[in-house]
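# predicted model and sequence below, questions to follow.
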Amino acid sequence: MTQGKREFEDWLCHAHQAKRVALLAHVSPDGDTLGSTLALRLAFLALGKQVNVICDGDVPDNLKYLPGSETVLRPENVNGADYDTAIAVDVSDRSLLGKSEAVFDAAGFRMVIDHHATNPAYGQANFIRGGESACCLLAYEAILGLGVEMTKDMGTCLLTGMSTDTGHFQYPATSPATLIAAGELLKLGVDISAMTRRLYRTQPMNRVRLTRIAYNKLRFMFDGQVGVIDFDKHDFEESGCTFGQADGLVNKALEVEGVRMAVLASERDDGIKMSLRAVEPDTVNDIAVIFGGGGHAQAAGCTIHVPLHEALDQVLAAMKDKLDKTPRPEGRV
């Protein structure tokens, strides 16, 4: 879903009226949901409002440099009725709030800011631009729309999300507006070198071990068109990684020449998480929707509540069905 100027102005009006704000990130938090919520937190503080960032998940180690990351609260430690306004940030479906959904429902007024095309506009005020490169770009526009002066700390948060959700400005959704906004944030003194080192060039040893396991398990299906990695709970125990540290490893399968789609299946306590990726023009969000998930055209996900290999077989069958109906794009080897 994509909305226009009237909806944006309505969103800003309600944001101005809010006094006690809960900013809600999605489960398995990434740079975009945390960057957006933490930047908006600073903006609401500048407007003199009471505000908390709430997330059903821990801040990943490589994102703990974000200003305010130490203030993120768990939903079980707050009372949603304490907030007159709750804003779901970068959350395409309310179920992805996890335990924070109770906070969202208990708040006096519910709002959404998001860039996923599959978002059904489940708030009472919605600022949604489906297909935009990152929610952080919408948060950037919202902060300016609120009349708040942009700061270096806000810029660090926002540039982080723009970077992580575009593959550091490589993905097709990267727009001129994204690069213009990134340039404006750099003018504030954001240290992009330090940021990219934390995000992309520094890994703890346990994630190196999990990456090794990923390469050992990497296999290819359907004439090399699909790359597959699967982690069971033993793999996480052996590597010493949390479930969240598997995020991004699906791209290792997508990097191989000739691969059109990739899937990473992770056995977790709450089900089998599927991370799906595709090379343009192929898409995977439609496959994720089959299993109750969603996301972007080339980056989507879902959770399936059956044993690991049964879940993987179901997703691979859906991928094969789609590949059988879609010829290999011209020029693709």
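All right, it came through fine.
# C-terminal to the lowest-mean-pLDDT helix or strand in the chain, what's the next element?
When the helices and strands of the chain are scored by mean pLDDT, DSSP states H and E, strand 294-295 comes last with a mean of 86. Next helix or strand after strand 294-295 toward the C-terminus (DSSP states H and E): strand 299-304.
# which other helices and strands contact the helix or strand following that following strand?
Using DSSP H and E, the helix or strand that follows strand 299-304 in sequence is helix 308-325. Judged by 3 or more CB pairs under 8 Å, 6 or more residues apart in numbering; DSSP states H and E, the packing partners of helix 308-325 are strand 219-221, strand 226-231, strand 261-268, strand 271-278, helix 285-290, strand 299-304. C-betas here are computed from N, CA, C, even on glycine.
# got the buried residues for helix 308-325?
308, 311, 312, 314, 315, 316, 318, 319, 322, 323 (16 or more other CB atoms under 10 Å).
# what does it rub up against?
221-222, 225-226, 228, 230, 232, 260-261, 263, 265, 267, 271-272, 274, 276, 284, 286-287, 290-291, 304, 306 (CB atoms under 8 Å, 6 or more residues apart in numbering).
# which among those residues end up buried?
For the contacts of helix 308-325, buried by 16+ other CB under 10 Å: 221, 225-226, 228, 230, 232, 260-261, 263, 265, 267, 272, 274, 276, 284, 287, 291, 304.
# relative to the whole chain's centre, how far out is stretch 264-271?
17 Å (CA atoms, centre = their mean, to the nearest Å).
# residues in contact with it?
With contacts defined as CB under 8 Å, 6+ apart, stretch 264-271 is touched by 214, 228-233, 236, 243, 246, 249-250, 253, 272-275, 303-305, 308, 311-312, 315.
# burial count for residue 149?
Residue neighbour count, defined by other CB atoms under 10 Å, stands at 9 for residue 149.
# burial measure for the spatially closest residue to it that is not a sequence neighbour, as a count.
Leaving out its chain neighbours, the residue that sits closest to residue 149 by CB to CB, 6 or more residues apart in numbering is residue 46, at 7.3 Å. Neighbour count of residue 46, defined by other CB under 10 Å: 16.
# thinking again about what came up before, nearest to residue 101, out of the helices and strands packed on helix 308-325?
strand 299-304 (14.7 Å; CB to CB).
# pLDDT wise, what is residue 186 at?
Looking at residue 186, its pLDDT stands at 98.
# then residue 332?
Looking at residue 332, the pLDDT reads 53.
# follow-up on the earlier one: who does the least confident helix or strand of the chain touch, helix- and strand-wise?
Counting by 3+ CB pairs under 8 Å, 6+ apart, strand 294-295 packs on helix 285-290, strand 299-304.
# tell me which residues touch residue 115, please.
90, 128, 129, 130, 131, 132, 133, 134, 135, 137, 138.
# got it, and residue 141?
residue 8.
# can you list phi and psi of it for me?
phi -70, psi -40 (degrees, to the nearest 10).
# closest one to residue 186 out of the contacts of residue 115, please.
residue 137 (14.6 Å).
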